[in-house]
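Peer 1: Give me a 3D structure for the following:
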Amino acid sequence: MPRQRARLLRTVIVCVFLGLLIYLFWPGSKELPAQSAQPAAAAVLDFDSPDSTLVVVNKKRPVPADHAPQDLADAGGVPLRAEAAGAYREMAAEAGAAGVPMSAVSGFRTGAEQDQLYVSYTENFGPEAADAISARPGYSEHQTGLAIDIANPDGTCALESCFAETLAGSWAAANAQHYGFIIRYPAGAEHITGYAHEPWHLRYVGTEHARTMHDAGTTLEEYLGLPAAPGY
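Peer 2: This is a model prediction of the structure:
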């Protein structure tokens, strides 16, 4: 009897050991941990460097005073960084082919040019109104060479909110993301961007990011998880 019990005990121990091995190493024997919604090896997005196409410039995040892109190229008569300029030319050409003519009004501006513009707005509308429609020098996206103001060639609703309802404005809102541009200051986001709705102000961020932001209906600040910048 003692021998039988010892033999039985050894058998039980072997069975338990084999069962443990099967549990640990047999394919599909246990659930794998849930994967993160975003790849762990996802690239870190650079929104600080003025040379990055994702740089964020707003009322809390100035651009270096002397910054000037070294790769400016023609974008329909205004200068933009080369990548953004090529994207704009392609967009304008395809819009035109679809029967929607589009003009470029303003692209890269130096800090000095932005200063002149801001002073003009301040003199005409007062400082509070100027801050809602124009960036102070050193706080303008135009100095990055990634922002462009567009218009209808006939000037209809140029630099006005009604531009959104025009051919060029509505086409840009529906299609600009396919060329890497977003409407940087959308309606209803003034408390985040710090600026009134500017349907003519396009900002180049690259196609992948632009499409994601467009589909989600988010601002650049929200997309990158940055604080709102309603004021200086």
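Peer 1: mind checking the longest strand of the chain?
Peer 2: Ranked by residue count under DSSP state E, the longest strand found in the chain is strand 198-204.
Peer 1: Restrict it to CA atoms and write it as CSV.
Peer 2: Presented in CSV, the C-alpha positions along strand 198-204 are these (Å, rounded to 0.1, in the frame of the first residue of the first chain):
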residue,chain,number,x,y,z
GLU,A,198,-10.8,82.5,-40.5
PRO,A,199,-12.0,80.1,-43.3
TRP,A,200,-9.3,81.5,-45.6
HIS,A,201,-6.4,80.8,-43.4
LEU,A,202,-4.9,77.4,-44.2
ARG,A,203,-2.1,75.7,-42.3
TYR,A,204,0.1,73.0,-43.8
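Peer 1: now whichever helix or strand comes after that strand: mean pLDDT?
Peer 2: The helix or strand immediately downstream of strand 198-204 is helix 207-216, counting by DSSP states H and E. On average, the pLDDT along helix 207-216 is 97.
Peer 1: Quick one: list the elements packing against helix 207-216.
Peer 2: Other helices and strands packing on helix 207-216, by 3 or more Cβ pairs under 8 Å, 6 or more residues apart in numbering; DSSP states H and E, are strand 181-185, helix 220-224. Yep, even glycine has a C-beta here, placed from its N, CA and C like the rest.
Peer 1: For the last one, buried residues please.
Peer 2: Under the neighbour-count criterion of 16 or more other Cβ atoms under 10 Å, helix 220-224 has Leu220, Glu221, Tyr223 buried.
Peer 1: tally of neighbours for Phe163?
Peer 2: Other residues lying near Phe163 total 25 when counted by other Cβ atoms under 10 Å.
Peer 1: go on, Val55?
Peer 2: Residues lying near Val55 (other Cβ under 10 Å) number 20.
Peer 1: what residues are up against it?
Peer 2: For Val55, the contact set (Cβ atoms under 8 Å, 6 or more residues apart in numbering) comprises Asp46, Phe47, Asp48, Ser49, Val63, Thr144, Leu146.
Peer 1: Show the buried residues in those.
Peer 2: Phe47, Val63, Thr144, Leu146.
Peer 1: Go through those and name the one nearest His201.
Peer 2: His201 lies nearest to Leu146 out of those, by Cβ to Cβ, at 11.2 Å.
Peer 1: Quick check: the closest one vs Pro230, distance?
Peer 2: Between Leu146 and Pro230 the computed distance is 22 Å (Cβ to Cβ, to the nearest Å).
Peer 1: same thing with Val78?
Peer 2: Counting by Cβ to Cβ, the separation of Val78 from Pro230 is 28 Å.
Peer 1: now do Glu208
Peer 2: Per Cβ to Cβ, Glu208 is found 28 Å from Pro230.
Peer 1: Give me the more crowded residue out of these two.
Peer 2: Applying other Cβ under 10 Å to Glu208 and Pro230 shows that Pro230 carries more neighbours, namely 15 against 10.
Peer 1: So for the more buried one, what's the nearest residue that isn't a sequence neighbour?
Peer 2: Counting by Cβ to Cβ, 6 or more residues apart in numbering, Pro230 lies nearest to Gly194, which is 4.9 Å off, once chain neighbours are set aside.
Peer 1: now swap in His214 and tell me
Peer 2: Using Cβ to Cβ, 6+ apart, the closest residue to His214 is Gln177 (3.8 Å).
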